[in-house]
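S.K.: Next come a sequence and a model predicted from it.
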Amino acid sequence: MTNVSPTIRRADPRLHVMMFLQYAAAGVYIPIAARFLSAEPGVGGLGFTDGQIGMIMAGAGAIGAVTAPFLGGQVADRYFATQRCLGALLMAAGVVKLVMAHQQTYWAWLWLSVLGAIAYSPTTALSNSLAMANLTDPKRQFPGVRVWGTVAWVAVAWAFPMLWLQTDLRLQWLPPFFAGELLPDAPARMIDSVKVSGVLAIAYGLFSWFCLPHTPPKRDAVEKLAFAKAFACLRRRSLTVLVAAALLLGVIHSLYFLQTSKFLAARGLADNYLMPAMSIGQISEVVVMAFLGAMLGRFGFRPVLLLGAFSYVLRYLIFGMDGLPLSVLVASQFLHGLCFACVVVASYIYIDRAAPEDVRHSMQTVFMLVVSGVGSLIAGPFNGLLAQWCTPAGGVLDYSRFWYTAAGVGVV
């Protein structure tokens, strides 16, 4: 007897727009944040240390992820429609970003980053659960929706430096397909990406409030504390194993964003090419996610997760090799697509399938709490301590030792 797959309805186009805006708001500044935060004030940067950058980017994100199940998941699962929660949180995060972009001191950036993360962190899980709640076959359809977030990350990563960091722009045949003269105050102009992020977050919040499909809460659920039931689900062996593995990968995933822009700049890549070079990883995400549904259907979750974990190890081994041409380091960004899609996106899909229907929002945010929250909480100080350990007295950071250590965590 031949099994014929049922016809799958096309996803609501509003979900594609939602994912595009979700990742455009973050992608416009996260890849280069470490660069402008660490650059010396004399060239327009803020002059923060590796430990301070770790606290701003990873530590603040950890606090946001810890609060997400209570602020986002509980409210969306029990009290208010998901699109309303999403809209309110995004508009609050956007306002914080606009204020933060005008600050110069470490403590101002740290506390505003914490406030911004508390507002923004739940939106990743809420956008995932809202999308899957409005799909007929999430396992097959969600990668096609989520890929629009990757498209957004690439679009802003190419558009921002092209429009704002260089002049005398001209086309060329090789990636990133344009070349120009880097403006002398590029690190200072990079900080403007945070302002753009704030504007995009506010626009996205308004779109969520007024335009996204109505996704009501489960008011009649027996367990009123949705996050408590979600935490209880972690007693299931499959979820425990998934979360434990994803936690370690979450730590080294954070290291990628904390150090890669600085690393590539130290290897000689010009500031105006940092975002396009790192966006190669998102281009590969598009390719991988086009096949992710089929890969999960054919091989199952475990082999796909192992492929993602191995990709983390391979990428950091390549990063750690001295003497490799800059072009090889840039090309190795392609592995990021396998890392992200085969671990993070596959985990989102598994969580949605494994979670009880009345706590799906909370289950997504609990997963984010453990991976992004605890993972980032570890990654922040780990980044500072590891950088200190890899820097001889009066010397420069030994990136080989740094990246080989990250690869070792991936092996574990």
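M.R.: That came through, no problem.
S.K.: in the stretch 1-150 of the chain, which spans are helices?
M.R.: 13-27, 30-38, 50-54, 60-68, 74-78, 82-100, 106-133, 138-164 (DSSP state H, counting those that start in this stretch).
S.K.: And the helix or strand following the last one, what does it pack against?
M.R.: Spelled out, it's helix 138-164. Next in sequence after helix 138-164, counting helices and strands by DSSP states H and E, comes strand 166-171. Judged by 3 or more Cβ pairs under 8 Å, 6 or more residues apart in numbering; DSSP states H and E, the packing partners of strand 166-171 are strand 178-182. C-beta: built from backbone N, CA, C; applies to glycine.
S.K.: could I have the strand it packs on exported to CSV, CA atoms only?
M.R.: This file holds the C-alpha atoms of strand 178-182, laid out as CSV (Å, rounded to 0.1, in the frame of the first residue of the first chain):
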residue,chain,number,x,y,z
PHE,A,178,30.2,45.4,-3.7
ALA,A,179,33.3,47.3,-2.7
GLY,A,180,33.9,50.8,-1.4
GLU,A,181,36.0,53.0,0.7
LEU,A,182,35.6,52.5,4.4
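S.K.: What strands line up against it, and which way round?
M.R.: strand 166-171 (antiparallel) (DSSP bridges).
S.K.: Work out the gap between stretch 31-47 and the centre of the chain.
M.R.: Counting by Cα atoms, centre = their mean, to the nearest Å, stretch 31-47 is centred 21 Å from the centre of its parent chain.
S.K.: Residues contacting it, please?
M.R.: Applying Cβ atoms under 8 Å, 6 or more residues apart in numbering, the contact partners of stretch 31-47 are 48-50, 52-53, 56-57, 104, 106, 109, 157, 185-191, 193, 257-262, 265, 271, 274-275, 278-279.
S.K.: got it, and stretch 307-316?
M.R.: Residues outside stretch 307-316 that contact it (Cβ under 8 Å, 6+ apart) are 245, 249, 252-253, 332, 335-336, 338-344, 346, 403-404, 406-407, 410-411.
S.K.: Can you select the buried ones among those for me in ChimeraX?
M.R.: In ChimeraX, a selection of the buried entries from the contacts of stretch 307-316 looks like this (16 or more other Cβ atoms under 10 Å):
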select :245,249,252,253,332,335,336,338,339,340,341,342,343,344,346,403,404,406,407,410
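S.K.: Identify those among the contacts of stretch 307-316 that sit within helices.
M.R.: 245, 249, 252-253, 335-336, 338-339, 346, 403-404, 406-407, 410-411 (DSSP state H).
S.K.: which among those gets closest to R298?
M.R.: Among the ones in helices among the contacts of stretch 307-316, A346 lies closest to R298 (Cβ to Cβ), at 13.1 Å.
S.K.: ok, now which ones touch that closest one?
M.R.: L292, L296, F301, V304, L305, G308.
S.K.: Next, format those as JSON lines and append distance to V66 and secondary structure.
M.R.: Below are the contacts of A346 laid out as JSON lines (distance: Cβ to Cβ, whole Å; DSSP: H, G, I helix; E, B strand; the rest coil):
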{"residue": "L292", "distance to V66": "29", "secondary structure": "helix"}
{"residue": "L296", "distance to V66": "29", "secondary structure": "helix"}
{"residue": "F301", "distance to V66": "26", "secondary structure": "helix"}
{"residue": "V304", "distance to V66": "28", "secondary structure": "helix"}
{"residue": "L305", "distance to V66": "24", "secondary structure": "helix"}
{"residue": "G308", "distance to V66": "24", "secondary structure": "helix"}
